[in-house]
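Asker: let's see this in three dimensions:
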Amino acid sequence: MSSIDLYRLTIFMTVTREGSFNRAGRRLGMTASAVSQHIQTLEARLGKALFERSPRGVTLTAAGKDLAYYGERLLAMATEAERAIMGEPAAPPEEVTLGATPGISVYLMPEWIQRFRSRHPGVTVNLQTGVTSEVVNGLLEGKYDVAFVEGEIDMQAARQCRALLLDEVEQMVVVGRQHPWWGRAALRIEDLNGQSFIVRQPRSHSRQWLEQALLQHSVRMAISAEFDNPESIKRAVANGVCLTVLPLYAVKQEVAFGLLHAIPLEAQPLVRAMHLLWSVERGLSRTAGAFVKQLASQYPSIDAQDL
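Answerer: Numbers count the residues shown, from 1 in each chain. Predicted coordinates for the structure are as follows:
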């Protein structure tokens, strides 16, 4: 371990968390050029590039991910050793609790959590799923450090939250192989009138949103079945002649394997907002902030915020 000292390892881990030399420099009280020089020295000693540089910041290479994995442990052990020698109690283990609506929880969170854990292996991530009102209320009650919601937010609750728009998510018409629309390139929203749908349960915000969005265009669904989770909906659609409406991220794997077909609505697409929420009163903890910041390359609106 003679080629890595803890000082440069700390700089490396700060760059990893912040995603850029500039932000890491501000965090460390150094210039970006000084941070860059330390990283270059570390890379030269290891004989491996640790970051891929781009105008938007830096991302870890394979070697960088390996060093981040062990670096987190090394710095934690150094802190524990110092505390033990000085007779201080050990620091409690870090954890972050996330709340998310079902689509985000099932289809986006696993990748986000895996990426975060690769950079912060010592942090325990707790994920809880609920409909929009449950997630927002849980955040306001202090059950979650940060929340991710696809859908509409109650205005009264919104006043107690910071809400950052992450994305406008297009909703697709999804059919199985037995449906006559299999292979269609596009649809008009009026084509949906009277069609047989499989949907979420009535209390679901996504169900309520869909009904209201279609009624604005005088489109009425014929409800064939109601399920409480999107996986059940997808399986039923794949094996029958009913359709559903889901975001593309929820069906991309089945579309790739030819099990489902996703059809966009031309001229008048159905779109839902995906928001990041945190409490105005409590703000974002350091660990929750690190989880959010790792998403900046995917959702540029995060970069514009002083988290």
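Asker: could you use CA atoms for every contact and neighbour count after this?
Answerer: OK.
Asker: mind checking pLDDT for Asp228?
Answerer: Reading off the confidence values, Asp228 has pLDDT 85.
Asker: residue ranges of the strands in the stretch 151-300 of the chain, please?
Answerer: Ranges of strands in the stretch 151-300 of the chain, per DSSP state E, counting those that start in this stretch, are 161-175, 196-200, 222-227, 244-247, 261-263, 270-279.
Asker: for the last one, packing partners?
Answerer: Right, the one you point to is strand 270-279. Applying 3 or more Cα pairs under 8 Å, 6 or more residues apart in numbering; DSSP states H and E, we find strand 270-279 packed against helix 132-140, strand 146-150, strand 161-175.
Asker: could you do the longest one as well?
Answerer: Packed against strand 161-175 by the contact rule (3+ Cα pairs under 8 Å, 6+ apart) you find helix 230-238, strand 244-247, helix 248-256, strand 261-263, strand 270-279.
Asker: save the helices and strands packed on strand 270-279 as a markdown table, and put in distance to Ala34, mean neighbour count and mean pLDDT too.
Answerer: Shown next, in a markdown table, are the helices and strands packed on strand 270-279 (distance: least, Cα to Cα, whole Å; neighbours: other Cα atoms under 10 Å; pLDDT from 0 to 100):
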| stretch | distance to Ala34 | mean neighbour count | mean pLDDT |
| --- | --- | --- | --- |
| helix 132-140 | 39 | 21 | 89 |
| strand 146-150 | 33 | 26 | 94 |
| strand 161-175 | 33 | 20 | 92 |
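Asker: redo those as CSV? Include distance to Gly64.
Answerer: Shown next, in CSV, are the helices and strands packed on strand 270-279 (distance: least, Cα to Cα, whole Å):
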stretch, distance to Gly64
helix 132-140, 34
strand 146-150, 27
strand 161-175, 27
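Asker: what about the helix or strand containing Ser33, distance to the chain center?
Answerer: Here Ser33 sits within helix 32-46, counting by DSSP states H and E. Mean-position distance between helix 32-46 and its chain equals 30 Å (Cα atoms, centre = their mean, to the nearest Å).
Asker: for whichever helix or strand comes after it, which outside residues touch it?
Answerer: Using DSSP H and E, the helix or strand that follows helix 32-46 in sequence is strand 51-54. With contacts defined as Cα atoms under 8 Å, 6 or more residues apart in numbering, strand 51-54 is touched by Val58, Thr59, Leu60, Thr61, Gly64.
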